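Visitor: please work out how this folds:
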Amino acid sequence: MPFRCGHCGYQSIKWLGRCPNCGEWDTFLEEEKEAKEVTVSSWIGDDLKPISAIDLTEVKRLTCGIGEIDRLLGGGLIPGGVVLFGGEPGIGKSTLLLQLSQSLAERYGNVLYVSGEESAAQIKLRASRLGVENDHLYVLSEQSLVRIVEAVERIDPCALIVDSIQTTLSDNAPGEPGSLRQLRETSVELIRLTKARKMVTFLVGHITKGGSFAGPKTIEHLVDVAIYLEGSRGEDVRIMRSVKNRFGATNEVAVFQMLASGLKEITNPSRFFLEEHTVEPRAGTVVVPIVEGTRPILVELQALVSPTGGYGVPQRRCSGLDYNRVLLLLAVIERRLGIHTGGADVYLSLAGGLETRERAVDLGVIAAIVSSLRDRPLPAQTVLVGEVGLSGEVRGVKKLRERITETGKLGYERIIVPAKVKLSSRAKIEVIPVETIEEAMDALALG
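Guide: Numbering: from 1, shown residues only. This next block holds a predicted model:
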């Protein structure tokens, strides 16, 4: 019989002391062979019909009143849809779901919020802080799946929130809450209930150290939408990212700010992240447009290059950027520009707590490093975008037109872009095409 990790669902033909997938110790259990049962009952009660006979006029999205979430989901929630909602402990999942519950209760009627981790009084304390108060919002502190189903049948909610799926317990499966058999059984039963009653269900899932959903991956395959809430404890910025969406785009993001009164949506992230960016140019500071989902966001990239004085190994530190990519760009600077950084510490940071692995920031990284090393500020009101190859060429990037448009909206006067990309001459800002990093440094007066 195979062995399976009780934390992340990784399967192995033999017992392992440590899971190679999630890194947890002593989590492998021998999986019993399940008896196959044949059932003739319908899953959601629908009859057999040709696809041409299916009427879509009855399918209406439920807008939750939080514009960023509605946009992320493709226009709202679909009745009968199941959303798997993950994030690190303390990141704001329960807070956001309470705000969402209030909004749905005001618009569509009864909402059931089930918590297997907190008492009703604890939920009420958080709700009072957030200003959540509605007679159509019902709270149930329960782990038993049977009692959860009874509550659903009693109040007939438009939305069900289960916080969390790892604490829900079914009498039809052996094991403790959160075990593999329990996760599979409770998830399947809640999905059946959701489809049959045409309501919306949120299943809160814990995540592993690697950032993926805990439990077997079959849960993520069963649900309709899977979203993560990301952010740093030291920052107040939260990013909701869609990794699966059967009813919309899978690469969308929504940006929020964590306040004492709850999560506040940020409708213009570029202005938010550039609030502390000074108009007066400073050495080592550059503005770059990144793309999160389908939305371009302008952020400030900072670099500090300081001589080591000949003592110790030079430090390389970066926050919000790909460390290995930064090392590669330092090698390109040494080879193609003849600028030696081997005797200096290099520190890079993407302001605002954002993280990106986009190669479109390559040109901005090189310009910031050279600017800091030579203590020369870049020209005012200038933005840079472009991927840099190993031979020093500036390559094209995706959604360049959208990046230029966003740059113009924020009042910047010029943008340096890859030369090989064909653009219309209707741009409202000055577009400076460059083919190599040498040309880019000349355009910035850093050559």
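Visitor: against Gly65, how distant is the residue lying farthest from the centre of the chain?
Guide: The centre of the chain is farthest from one residue, Gly310, which by C-alpha atoms, centre = their mean lies 41.8 Å away. Separation of Gly310 from Gly65 (C-beta to C-beta, to the nearest Å): 61 Å. For every residue, glycine as well, the C-beta is placed using N, CA and C.
Visitor: okay, domains of the chain per the record?
Guide: Residue ranges for the domains of the chain, per automatic domain parsing: 1-40, 59-267, 272-443.
Visitor: over to the residue farthest from the centre of the chain. Which of the three states is it?
Guide: Counting by DSSP: H, G, I helix; E, B strand; the rest coil, the backbone at Gly310 sits in coil.
Visitor: isn't it right next to Ala344, touching?
Guide: No: counting by C-beta atoms under 8 Å, Gly310 stays clear of Ala344, with 10.8 Å between them.
Visitor: quick one on the thing from earlier: and the domains of the chain: which comes nearest Lys49?
Guide: domain 59-267 (14.9 Å; C-beta to C-beta).
Visitor: distance between the ends of the closest one?
Guide: 27 Å (C-alpha to C-alpha, to the nearest Å).
Visitor: now do stretch 370-388
Guide: End-to-end distance for stretch 370-388: 15 Å, by C-alpha to C-alpha.
Visitor: also stretch 53-64?
Guide: 30 Å.
Visitor: which intervals of the stretch 1-150 of the chain have sub-threshold pLDDT?
Guide: Across the stretch 1-150 of the chain, the ranges flagged by pLDDT under 70 are 1, 7, 31-46, 58.
Visitor: what about the strands in it?
Guide: 3-5, 11-12, 28-30, 82-87, 111-115, 137-141 (DSSP state E, counting those that start in this stretch).
Visitor: circling back: the domains of the chain: which one's closest to Ala53?
Guide: The closest of the domains of the chain to Ala53 is domain 59-267. By C-beta to C-beta, the value is 14.3 Å.
Visitor: just to revisit the earlier point, with distance to Lys49 added, can I get the domains of the chain in a markdown table?
Guide: Shown next, in a markdown table, are the domains of the chain (distance: least, C-beta to C-beta, whole Å):
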| stretch | distance to Lys49 |
| --- | --- |
| domain 1-40 | 18 |
| domain 59-267 | 15 |
| domain 272-443 | 35 |
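Visitor: looking at the ones you listed, which is nearest to Pro50?
Guide: That would be, of the domains of the chain and by C-beta to C-beta, domain 59-267, which comes in at 17.3 Å.
Visitor: chain center to that closest one, what's the gap?
Guide: Distance of domain 59-267 from the chain centroid (C-alpha atoms, centre = their mean, to the nearest Å) equals 15 Å.
Visitor: quick check, Gly175 in a helix?
Guide: No: applying three-state DSSP, one finds Gly175 to be coil, outside a helix.
Visitor: report the buried residues of the longest strand anywhere in the chain.
Guide: Assignment by DSSP state E gives strand 295-307 as the longest strand of the chain. For strand 295-307, burial by neighbour count (16 or more other C-beta atoms under 10 Å) applies to 295-305.
Visitor: which elements pack onto the helix or strand just after it?
Guide: Using DSSP states H and E, the next helix or strand after strand 295-307 towards the C-terminus is strand 316-319. Judged by 3 or more C-beta pairs under 8 Å, 6 or more residues apart in numbering; DSSP states H and E, the packing partners of strand 316-319 are helix 323-332, strand 344-350.
Visitor: you'd agree Gly178 is up against Arg184?
Guide: No: look at Gly178 against Arg184 with C-beta under 8 Å: they stay out of range, at 11.6 Å.
Visitor: ok, back up a step: what's the neighbour count on the closest residue to the residue farthest from the centre of the chain other than its chain neighbours?
Guide: Of all residues not flanking Gly310 in the chain, Gly343 sits nearest, at 7.1 Å (C-beta to C-beta, 6 or more residues apart in numbering). Counted with other C-beta atoms under 10 Å, the neighbours of Gly343 add up to 10.
Visitor: from Arg374, how far off is Gly343?
Guide: Going from Gly343 to Arg374 by C-beta to C-beta gives 15 Å.
Visitor: biggest helix in the chain, by residue count?
Guide: If you go by DSSP state H, the chain has its longest helix at helix 180-197.
Visitor: pull the CA atoms of that one into PDB?
Guide: Taking Å, rounded to 0.1, in the frame of the first residue of the first chain, the C-alpha atoms of helix 180-197 are listed here in PDB:
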ATOM      1  CA  LEU A 180      -6.300  13.000   4.000                       C
ATOM      2  CA  ARG A 181      -9.500  10.900   4.200                       C
ATOM      3  CA  GLN A 182     -11.300  13.600   6.100                       C
ATOM      4  CA  LEU A 183     -10.300  16.300   3.700                       C
ATOM      5  CA  ARG A 184     -11.400  14.300   0.700                       C
ATOM      6  CA  GLU A 185     -14.800  13.400   2.300                       C
ATOM      7  CA  THR A 186     -15.700  16.800   3.700                       C
ATOM      8  CA  SER A 187     -14.700  18.600   0.500                       C
ATOM      9  CA  VAL A 188     -16.700  16.300  -1.800                       C
ATOM     10  CA  GLU A 189     -19.800  16.500   0.400                       C
ATOM     11  CA  LEU A 190     -19.600  20.300   0.600                       C
ATOM     12  CA  ILE A 191     -19.200  20.600  -3.100                       C
ATOM     13  CA  ARG A 192     -22.200  18.300  -3.700                       C
ATOM     14  CA  LEU A 193     -24.200  20.400  -1.300                       C
ATOM     15  CA  THR A 194     -23.200  23.600  -3.100                       C
ATOM     16  CA  LYS A 195     -24.000  22.400  -6.500                       C
ATOM     17  CA  ALA A 196     -27.400  21.000  -5.400                       C
ATOM     18  CA  ARG A 197     -28.500  24.200  -3.600                       C
END
